[in-house]
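In: curious how this folds, go ahead:
(chains A, B, C, D, E and F)
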Protein chains: 6
Amino acid sequence: MERVKTGVEGLDRMLGGGFLSQTANLVEGAPGTGKTTLGMQFIYNGIANYGEPGLILTFEEFPQQYYRDAASFGWDFKKLEQENKLRVIMTSPEVTKTDLENVGGRIERLSQQIGAKRILIDSLSHFERLTDSPVELRSIAYSFINALKREGLTSLLTRESTALLGESTSPNDDVTFVADSYILLRYVEIESTIHKALLVLKLRGSNHAKDIRQFAITNQGLQVKHKFEGQEGIMSGSPRRMADAFRRAFPSPGSR
Amino acid sequence: MERVKTGVEGLDRMLGGGFLSQTANLVEGAPGTGKTTLGMQFIYNGIANYGEPGLILTFEEFPQQYYRDAASFGWDFKKLEQENKLRVIMTSPEVTKTDLENVGGRIERLSQQIGAKRILIDSLSHFERLTDSPVELRSIAYSFINALKREGLTSLLTRESTALLGESTSPNDDVTFVADSYILLRYVEIESTIHKALLVLKLRGSNHAKDIRQFAITNQGLQVKHKFEGQEGIMSGSPRRMADAFRRAFPSPGSR
Amino acid sequence: MERVKTGVEGLDRMLGGGFLSQTANLVEGAPGTGKTTLGMQFIYNGIANYGEPGLILTFEEFPQQYYRDAASFGWDFKKLEQENKLRVIMTSPEVTKTDLENVGGRIERLSQQIGAKRILIDSLSHFERLTDSPVELRSIAYSFINALKREGLTSLLTRESTALLGESTSPNDDVTFVADSYILLRYVEIESTIHKALLVLKLRGSNHAKDIRQFAITNQGLQVKHKFEGQEGIMSGSPRRMADAFRRAFPSPGSR
Amino acid sequence: MERVKTGVEGLDRMLGGGFLSQTANLVEGAPGTGKTTLGMQFIYNGIANYGEPGLILTFEEFPQQYYRDAASFGWDFKKLEQENKLRVIMTSPEVTKTDLENVGGRIERLSQQIGAKRILIDSLSHFERLTDSPVELRSIAYSFINALKREGLTSLLTRESTALLGESTSPNDDVTFVADSYILLRYVEIESTIHKALLVLKLRGSNHAKDIRQFAITNQGLQVKHKFEGQEGIMSGSPRRMADAFRRAFPSPGSR
Amino acid sequence: MERVKTGVEGLDRMLGGGFLSQTANLVEGAPGTGKTTLGMQFIYNGIANYGEPGLILTFEEFPQQYYRDAASFGWDFKKLEQENKLRVIMTSPEVTKTDLENVGGRIERLSQQIGAKRILIDSLSHFERLTDSPVELRSIAYSFINALKREGLTSLLTRESTALLGESTSPNDDVTFVADSYILLRYVEIESTIHKALLVLKLRGSNHAKDIRQFAITNQGLQVKHKFEGQEGIMSGSPRRMADAFRRAFPSPGSR
Amino acid sequence: MERVKTGVEGLDRMLGGGFLSQTANLVEGAPGTGKTTLGMQFIYNGIANYGEPGLILTFEEFPQQYYRDAASFGWDFKKLEQENKLRVIMTSPEVTKTDLENVGGRIERLSQQIGAKRILIDSLSHFERLTDSPVELRSIAYSFINALKREGLTSLLTRESTALLGESTSPNDDVTFVADSYILLRYVEIESTIHKALLVLKLRGSNHAKDIRQFAITNQGLQVKHKFEGQEGIMSGSPRRMADAFRRAFPSPGSR
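Out: This is a model prediction of the structure:
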């Protein structure tokens, strides 16, 4: 199956090569975990390394903020826009919804202008303002995702998690069921330090790594590192170390 | 009692041979656990191995998505449809409800056309949009299940669990009481890796395995593996290993 | 005091001989724990072993389902109905409520026809649909229970618990205060296997066993087994084993 | 200060002699813990041992139920009523509220007829049906308590706790602030057996025992036993034993 | 900075000498922890030891209750009222609010009559009945506190915590942000006995002790005792002892 | 990138030099943790050490309270106001919102009068009173933050956390996503003493320290100290020490 590389080496390996082409990929995390960085990196690498122009749809931050944030990683988004390889579009969920319901809308036009193959939606959480009904919200999200696929785009959609540590409660409109892949970014407290964990929980139509990896935001963007070791309950954000030390201290009889 | 084999060997063994004929079987899990895969496998194996045509009722995904997903396991759903052994029907809970209330509805017609014996409902959770009343929802689900039984169908119904790890809160419309069997798929974090657990919690009218098994989604579909070992609290999604190491380290006096 | 034996030997022993005559006995459990099985067994044993005809009141399942379920334990409910020792009545909470408010209602009539001494209400949870007010619900339940007593019936009332493991939250209409006895059926995860636990929490007017027992659904019905050993927190559904191993490993100084 | 003995020896000792005269004493517990038994014992002992006639106010159960329950402890309530030392009154919160607001109401009249010194209110929880407002509820409870004091009565008020194990959530109308004493009855799971714990949390105007005691319902009523030993977290209902065993196993260096 | 001694020696030491003059000091605790006792002691000691007359504002209990409660500690409040050194005023939050909004209200008048320097508000929780809006409630509390300061009064305000053990949930109107100091009284279960813990969490404009201290209500009032030792999680109300025993049992290598 | 030093040496080091210029920096903490102190220190140091005048916007406390609080740290805010280097402005969220929507509003005017470079908003939580809609609230906060940036101001915004220990629940309007940095102040109970913890969770566009540090409020303001050692679960507020002692007691085989 055709793979769309994120260009984040460790992540592509976990994904068995990258996202699948023309799929919707959800990246969820608390504030500061690096969702947007990963999204920009996905777009930047697409343009710089794989010849795939990209769109960024933002519902809150101004394009200037993306230019500044990208610049701190050495990614010159302004220049890419001038070269017609990138479009950073600030819009609203309302406009986006209408736009995609019609043929020849703005996103379709911009996408075709630059021959976009990738799109970053930052963030899908803003769709929540469109309706109070979880059922309707899920239906909107699903239509939106399908519209992106029809445009031939592989999308990375960020989603905000309000819980700092551990799992958010009651996302009962759960768009995770309709996304093709689901990546979790989490804070984890170990030895009085906050680490970051990345987990690929779902990847429709392909095998993927199941281990929980450390990652860091370096000055070249998100970097996936080794697996956590000797911790229980990482996904809770506050793991226990003890069992591991215990296991080493009390090896099973056979191994003595 | 007549058994309807899922064709997933380990699961059939846990079920004492398979589902009971013309029963409603609930499979619950978080996104990415493999509910739909198990459902497709149940339908595919019915056709390919046991000569039992099948229906797939979907309330969200397009049939194309099922073709693609099935193809990745080597199951050619398009061909089976052409051979009149399978129907993948995209519909809505509203239509389905009305349809089953009347004699000679669409599902009945399609079922009879191909002589269907099995049906996958993907997912029952979409019925929640029909009403805000838990009492009415349960009543609808019960009628729906009975209508399927009247058609002579053995059904596998998927249900979405929004909690990633551990138990979902407050399913107070609980259709689990009216289902004939209840299978849970869960994520479990062990040694910094996400595993998947399968448990048969209920099987009306038959004995069944009570142990919690590991399973994987391989390129041949869902595969049930060995029992978890040396873990406490698996169903919480974040088990503790310690007791086991402890037990080995400190055997009881009599065994020294 | 006169005892009404359930015929489940281990349970009767825990109850100090059986239920008290003309009392209301609540059996609560999650789906698949065996509430209905215990209820049918109570009715069957009453007829077969103690010469006490019985009624079954169901608000959801059809009588046929009870026939089938009973048959799997070797209890021929159809025959018992033909012999006028059993009546399986499918009705609604609404009808039942009205029925019992009037003299000479259907339940009274059926009860007198067969000389019923026992009744299974499956389940009391369906009364929740009668009102949104916890106060009114409790009042209805209390009136209902008293009406059954006036008919001279000893009742077993099932109640659904929606939490799979551990305690359900907020049953603030709590009928447990008005029931004469209160039996809990629970799932318990131990060593990667789901066990079932039975506890008699309350038995008005009599002493009773306080220990938490394992039980199983065998092909002869519910069978009470030995007490759990070396586990803490059984009622949470996810007990810890450690303390016990610890205690054996580190006996108190005096016992060395 | 004058003491009103409950006649439950261990409890009177914990209370420093008994309740204080003309105070309102709250006894809270889950179903089956023995609230009503303690209340009846308080009334019975008052009549039989201390020459203090008593009233029982019930909002749900019929007097006959109290006669039966009392009889199982050897307390002949019928006879005491005939001797004009006891009145068991079934009424409603609504009537009671009005009654106490007026001079010469029914409770006042009955109290004076028999020269009552004690009263059991079973249960205060039924007042919750009078209003949805926590503020108003507390105000009603406070007025009620004061009316009882004005009649010269020492009251024992039962309150229902819906949590089986551990603490009930959100009693934000908290009448515990206006009661003069507050006694908790709890279920505690230890070594696979359910024990009962009693704790005096508050006793206005007097010192009291602070330890958590085991108690049992014997055929002579509630009997307070020894303190729990070697358990942490008893009030949670699911204590841990380990620390204690640990302490014995690993005494501090100085004590070796 | 000028200090207003509570006269509770251990507490004054924790506060670095006492409350700061003309500040609002919040004391929070569950029923029976001793909030009102501490408040009365603050008022009594002000009059008896520091020549500072005081007011007590109560929204629920009658003055007689304060006389009785104070008497049990040997504090003769009636006499102090006759000597014009104390006023115990029963009022309502509504009246109090209006009163303080106007110049020359009742509290101002009474305060000036006796030259009051201290005031006990028992309890601030009753203000919750004035409004359902957390924002408005906080605004009212803030105005109230400032009005007391304008009168030159140092105030001790009690607040009710409904959780018996551990922290109350969701006090989202949080007056703790506007109080100048914040003292917590908590129940703590240790070795099957309920202890009481006191903690000064906040003292605006001054250093204060940060340790969690045991305290008792003796016949001379609240008495602060030593720090808890060898317990983790005291503020949860159900601490763990183990770590401490462990630390003693397994000293770090360097200390062997 | 240009850095705006807070002047709190340890914090500036954690931030890689200070805040980034013209960014919005969120400081969250429970009552008494020192949010306002840190804010005042940020303003004071700006004026005294870096020649950057500052504004303080307060929505609840009077300027006098800031003068007093600042004075206790030796910061003479009155004098700084007279020297036109500081303005402490008491206003309302409503006025502030309108003010910033118009050109030449009061904040703009005051900012220009003194050439302000820094601003303290104490606290952002008061904006919650402007609307019940989380979506609108976030939009207002975002506009407000951007207006401050347009004025050329680097802002420190305090936010109240109502949970005393551990994480607050459900801040689903989460302004943390739009802030440029996010600093958490927390209470932590260790060895029966309350410590304070500081964590930089997010710093947009820059690397930052990830460890959880102790801090204290000294008479010179907030002082960042060493990292916590040997504790698990610090961010929960109630850490466990055991693992560490364990690790020392049972070193891994290789290190023996």
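
In: once you drop chain neighbours, what's closest to the closest residue to chain B within the stretch 101-250 of chain A?
Out: Nearest to chain B, among the residues of the stretch 101-250 of chain A, is A:Lys202, at 2.8 Å (C-beta to the nearest C-beta). The C-beta positions use only the backbone N, C-alpha and C, and glycine is treated the same way. Closest residue to A:Lys202 apart from its sequence neighbours, by C-beta to C-beta, 6 or more residues apart in numbering or on different chains: B:Gly32 at 2.8 Å.

In: wait, the one you found touches A:Leu201, no?
Out: Yes: using C-beta atoms under 8 Å, B:Gly32 is in contact with A:Leu201, at 5.3 Å.

In: overlap in contacts, the two.
Out: A:Tyr182 (C-beta atoms under 8 Å, 6 or more residues apart in numbering or on different chains).

In: what is the orientation angle of the helix or strand harbouring A:Leu198 with strand F:193-203?
Out: Under the criterion of DSSP states H and E, A:Leu198 resides in strand A:193-203. Comparing the axes of strand A:193-203 and strand F:193-203 via axes from the mean of the first three to the mean of the last three C-alpha atoms, to 10 degrees yields an angle of 50 degrees.

In: residues of the stretch 1-150 of chain A that sit close to chain D?
Out: By C-beta under 8 Å from any C-beta of the partner chain, no part of the stretch 1-150 of chain A sits against chain D.

In: quick check, the residue in the stretch 1-150 of chain A closest to chain C?
Out: For the stretch 1-150 of chain A, C-beta to the nearest C-beta, closest residue to chain C: A:Pro134, 19.6 Å.

In: how near is that residue to chain D?
Out: A:Pro134 is 25 Å from chain D, where distance means C-beta to the nearest C-beta, to the nearest Å.

In: what number of residues lie near that residue?
Out: Residues near A:Pro134, counting by other C-beta atoms under 10 Å in any protein chain shown, number 18.

In: the helix or strand hosting A:Ser143 packs against which elements?
Out: Using DSSP H and E, A:Ser143 maps to helix A:134-150. The contact analysis (3 or more C-beta pairs under 8 Å, 6 or more residues apart in numbering or on different chains; DSSP states H and E) places helix A:134-150 against strand A:24-29, helix A:93-101, strand A:154-160.

In: out of the ones you listed, which is closest to F:Ile114?
Out: F:Ile114 lies closest to strand A:154-160 among the helices and strands packed on helix A:134-150, at 37.2 Å (C-beta to C-beta).

In: and the following helix or strand past the closest one, what other elements does it pack with?
Out: Downstream of strand A:154-160, the first helix or strand assigned by DSSP H and E is strand A:181-190. Under the contact criterion of 3+ C-beta pairs under 8 Å, 6+ apart, strand A:181-190 touches strand A:24-29, strand A:193-203.

In: residues near the closest residue to A:Glu28 other than its chain neighbours, how many?
Out: In space, and not counting its chain neighbours, A:Glu28 is closest to A:Arg159: 4.3 Å by C-beta to C-beta, 6+ apart. For A:Arg159, the neighbour count with other C-beta under 10 Å is 26.

In: returning to what we had before: what sits against the residue of the stretch 101-250 of chain A closest to chain B?
Out: A:176, A:179-182, B:31-32.

In: so who does A:Leu201 touch?
Out: When contacts are counted by C-beta under 8 Å, 6+ apart, A:Leu201 touches A:182-184, B:31-32, B:164, B:187, B:194.

In: element containing the residue lying closest to A:Lys225 once chain neighbours are set aside?
Out: Spatial nearest neighbour of A:Lys225, chain neighbours left out: A:Gln214 (4.3 Å); criterion: C-beta to C-beta, 6+ apart. Using DSSP H and E, A:Gln214 sits in strand A:213-218.

In: circling back to that earlier point, for the contacts of A:Leu201, work out which two are farthest apart.
Out: A:Ile183 and B:Tyr187 (14.3 Å).

In: tell me the mean pLDDT over stretch A:38-46?
Out: For stretch A:38-46, the mean per-residue pLDDT is 98.

In: got it, and stretch A:104-114?
Out: Here the average pLDDT along stretch A:104-114 is 90.

In: distance from the chain centre to stretch A:136-155, please.
Out: Centroid separation between stretch A:136-155 and its chain, computed with C-alpha atoms, centre = their mean, to the nearest Å, is 16 Å.

In: and for it, what's in contact with it?
Out: A:4, A:19-25, A:55, A:96-97, A:100-101, A:107-108, A:111, A:116-121, A:124, A:127-128, A:130-131, A:157, A:173-175, A:177-179, B:60.

In: what's the burial count for A:Asn49?
Out: A:Asn49 has 10 nearby residues by other C-beta under 10 Å.

In: can you map out the helices along the stretch 1-150 of chain A?
Out: Counting by DSSP state H, counting those that start in this stretch, the stretch 1-150 of chain A has these helices, from start to end: A:9-14, A:35-50, A:63-71, A:77-82, A:93-101, A:106-114, A:134-150.

In: what about the stretch 151-256 of chain A, any weak spots by pLDDT?
Out: A:167-173, A:241-256 (pLDDT under 70).

In: coming back round to it: how far off centre is the helix holding A:Ser143?
Out: 17 Å.

In: equivalent analysis for stretch A:155-170, please.
Out: For stretch A:155-170, the distance to the chain centre is 11 Å (C-alpha atoms, centre = their mean).

In: would you mark the buried spots in it?
Out: A:155-168 (16 or more other C-beta atoms under 10 Å in any protein chain shown).

In: what do you get for stretch A:98-107?
Out: So for stretch A:98-107, counting by 16+ other C-beta under 10 Å, buried means A:99-100, A:105-107.

In: cool, stretch A:62-75 as well?
Out: Quick answer for stretch A:62-75 (16+ other C-beta under 10 Å): A:63, A:65-70, A:72-73, A:75.

In: check the offset of it from the chain's centre.
Out: The answer for stretch A:62-75 is 17 Å, by C-alpha atoms, centre = their mean.

In: right, is that stretch up against chain F?
Out: Yes: against chain F, stretch A:62-75 shows contacts by C-beta under 8 Å from any C-beta at A:68-69, A:72.

In: now that stretch: average pLDDT?
Out: The model assigns stretch A:62-75 a mean pLDDT of 94.

In: give me the contact list for it.
Out: Against stretch A:62-75 from outside (C-beta under 8 Å, 6+ apart): A:36-37, A:40-41, A:44, A:48, A:56, A:58, A:76-78, A:88-90, A:219-221, F:1, F:204-206.

In: of these, buried ones?
Out: By 16+ other C-beta under 10 Å, the contacts of stretch A:62-75 give A:36-37, A:40-41, A:44, A:56, A:58, A:77-78, A:88-89, A:221, F:204-206 as buried.

In: those residues: which two are farthest apart?
Out: The span of those, defined through C-beta to C-beta, is set by A:Ile89 and F:Ser206 at 26.5 Å.

In: A:Asp174 is in contact with B:Ala163, isn't it?
Out: No: when contacts are counted by C-beta under 8 Å, A:Asp174 is not listed as touching B:Ala163 (9.9 Å).

In: span of stretch A:2-11 from start to end?
Out: 16 Å (C-alpha to C-alpha, to the nearest Å).

In: tell me, how many residues neighbour A:Glu9?
Out: Counted by other C-beta under 10 Å, the residues lying close to A:Glu9 total 11.

In: that older thread, now do the strand holding A:Gln214 against strand A:193-203, angle only.
Out: Here strand A:213-218 runs at 120 degrees with respect to strand A:193-203, directions being taken by the same axes, to 10 degrees.
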